[in-house]
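Asks: Here is my input, please return the structure:
(one chain, ligands or ions: 1)
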Amino acid sequence: MNTGKQGTLFVLSGPSGVGKGTVIDKLSTEDINVEYSISVTTREPRRGEEDGQDYIFVNEDEFFRMVEDNKFIEWARVHNNYYGTLKRTVQDLLNKGKDVILEIDIQGARQIRDKFPAAILIFLLPPSLDELEDRLDKRGSEDPDSKKTRLENARQEMNEISYYDYQVKNDNLEDTVYQIKEIIKKESKLKE
Ligand code: 5GP
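Replies: Reported below is the predicted structural model:
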């Protein structure tokens, strides 16, 4: 349906292991109309991840061809891999009058803010850095080097939270999803 209105762009950032993916999955089952844009990455798929569903997995050559072809509205190197958001996907959804949520890092969030000043940036905080380390251990997806990089990056990212419009502490999934839904409802232009 084309309502003639542009959707709003939301960004969800937060350190690795904070639960962004779980929050986005849960949001997709709730009564809130927001579309998730699938990113492109050069990272290896984790067990259970599917191409085209979790990410579009490409190699570095393919990624940089896409950079040259201007396919991304933002891209960044994160934890030694490359990630990018497809311009076409986001623009099509916004033009169709849909709200869109991007799960991207702080470098990407800054690029989005430059290009879409009206974007709403949300930062998801862990209850503490210890808890974050625990969650990464439980997820078991990272080797020691990758875990170390992710924890170092988490410390840096958490210094930048004032850049964001909203900060939500992920103590409890239900509460977090509720708070994010309330932010989306409040900031969405589609209801007017
Ligand atoms: P993961 O490898 O754990 O799926 O994601 C690692 C980091 O990359 C997370 O902080 C995530 O938000 C970020 N990320 C995922 N997709 C994108 C993207 O398209 N652009 C940017 N800039 N960061 C992304």
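
Asks: got the contact list for the residue in the chain that the ligand sits nearest to?
Replies: Residue of the chain nearest the ligand, by Cβ to the nearest ligand atom: Gly108 (2.5 Å). Just so you know, the C-beta spots here come from the backbone N, C-alpha and C atoms, and that holds for glycine as well. Gly108 is in contact with 11, 13, 74-76, 83, 85, 102, counting by Cβ atoms under 8 Å, 6 or more residues apart in numbering.

Asks: Then Arg139?
Replies: If a contact means Cβ under 8 Å, 6+ apart, then Arg139 has Gly17 as its contacts.

Asks: and if you look at Tyr164?
Replies: 13, 109, 121-123.

Asks: roughly how far apart are it and Ile104?
Replies: Separation of Tyr164 from Ile104 (Cβ to Cβ, to the nearest Å) stands at 12 Å.

Asks: Please identify the helix or strand for Trp75.
Replies: strand 72-78 (DSSP states H and E).

Asks: Is that strand positioned near the ligand?
Replies: Yes - counting by Cβ under 6 Å from any ligand atom, the ligand is contacted by strand 72-78 at 74, 76, 78.

Asks: Just the buried positions in whichever helix or strand comes after that strand, please.
Replies: Next along the chain after strand 72-78, taking DSSP H and E as the criterion, comes strand 81-86. Buried residues in strand 81-86, defined by neighbour count with 16 or more other Cβ atoms under 10 Å: 82-86.

Asks: Stretch 60-69 too?
Replies: Within stretch 60-69, the residues that qualify as buried are 63, 66, counting by 16+ other Cβ under 10 Å.

Asks: ok, now stretch 124-133?
Replies: For stretch 124-133, by 16+ other Cβ under 10 Å, it's 124-126, 132-133.

Asks: try stretch 85-102
Replies: Per 16+ other Cβ under 10 Å, stretch 85-102 contains these buried residues: 85-86, 89-90, 93-94, 97-102.

Asks: Can you list which of the residues you listed are found in strands?
Replies: Those of those mapping onto strands are 85-86, 99-102, per DSSP state E.

Asks: For these, which two are the farthest from each other?
Replies: Leu86 and Asp99 (16.9 Å; Cβ to Cβ).

Asks: This completes my enquiry, with thanks.
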